[in-house]
Each structure stands twice: as structure tokens, then as C-alpha cells.
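**Q** Curious how this folds, go ahead:
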Amino acid sequence: MANTAFQNAVKREEEYLRLVHPTPEDIPGCMNLFDVYLSCNAIRTQVKSLYRYGQMSSCGDKLEDFKFCLTMKMMHPEEKRDAWIRRRAEWWAKRRMTKSSEDVWDIRSEPLKNYPPPLPAEEAQVETGVIQ
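**A** Numbers count the residues shown, from 1 in each chain. Sure thing, here's the model as predicted:
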């Protein structure tokens, strides 16, 4: 069941990526991927990651993208595009099917009852400025 759901997700992602990258020239080149890898390792990026997440940024996936691009150098441009789209579709499908930081929140269909709680009479008098 899970494998079928994953394959369906990959198929949907491939369809979308084929629309986004209609020609082989639309996929990123190896130099572009290398630049992305280097910028991931830059001090500014690492400090921002340390501030936001409490840990250094992992750039291994960007290095793997660069190495994958190098393995495709001798392929025909259409084959290269297909291989790139397949790889990115699998990456997006995995990302969509696993847990996310957005999974922490549950969307409410109705507001909480009795929230905010009513103020005690003394606090209500102080806030409104009316003291009896």
C-alpha cells in the first residue's frame, strides 16, 4: 500500500516537473549545482541554520545532486532531462510523504469554547476603568 502511494506521488511529481522543465535546457547545469553546494557551506548559511534550527546545515544532498549531474555528462540531453526529473520527483515524493514541521499543528474547524476565558470581576473593573 505504501509503495503504491509512493509510486503515485512520484508519478504526479514527474508530471508536474515535466511541465516546469519542458526542455533539456531548463534543468540545472553542473556548475549551477556546484554553486548551490558551495553556497550551502558558506558561513552565512551555516550561521543562519545554527540560529534557526540549532544545528549546522547538512549539505550532503546538494553534493549528491552535483555528483549525479556529473554522472549524466555523457547522456543525450533528453535522457539527462528524464533522469533529472525522475530523481527530483522521487525527492519531492519522499519529502511530501514523510513528516514535516507543519504536521505539528492541527487545523481547527471551529474556535475553542470559552476562549479567551472571561476575566474575573475585579480584573474587568480595572481594565475598563470602572470601579464600583
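
**Q** Report the secondary structure state of the nearest residue to Leu50 once chain neighbours are set aside.
**A** In space, and not counting its chain neighbours, Leu50 is closest to Met56: 6.0 Å by C-beta to C-beta, 6 or more residues apart in numbering. Yep, even glycine has a C-beta here, placed from its N, CA and C like the rest. Here Met56 is coil, with the state taken from DSSP: H, G, I helix; E, B strand; the rest coil.

**Q** could you check the distance from Met56 over to Ala93?
**A** 27 Å (C-beta to C-beta, to the nearest Å).

**Q** Those two - which one has more neighbours?
**A** Ala93 (20 against 12; other C-beta atoms under 10 Å).

**Q** ok so, going back, residue contacts, the residue nearest to Leu50?
**A** 46, 49-50 (C-beta atoms under 8 Å, 6 or more residues apart in numbering).

**Q** Before we move on, what's the pLDDT of it?
**A** Here the pLDDT value assigned to Met56 is 93.

**Q** Look up how far Ser49 lies from it.
**A** Taken as C-beta to C-beta, the span from Met56 to Ser49 is 6 Å.

**Q** before we move on, what about Trp91?
**A** Distance, Trp91 to Ser49, by C-beta to C-beta: 19 Å.

**Q** Kind regards, and thank you for your time.
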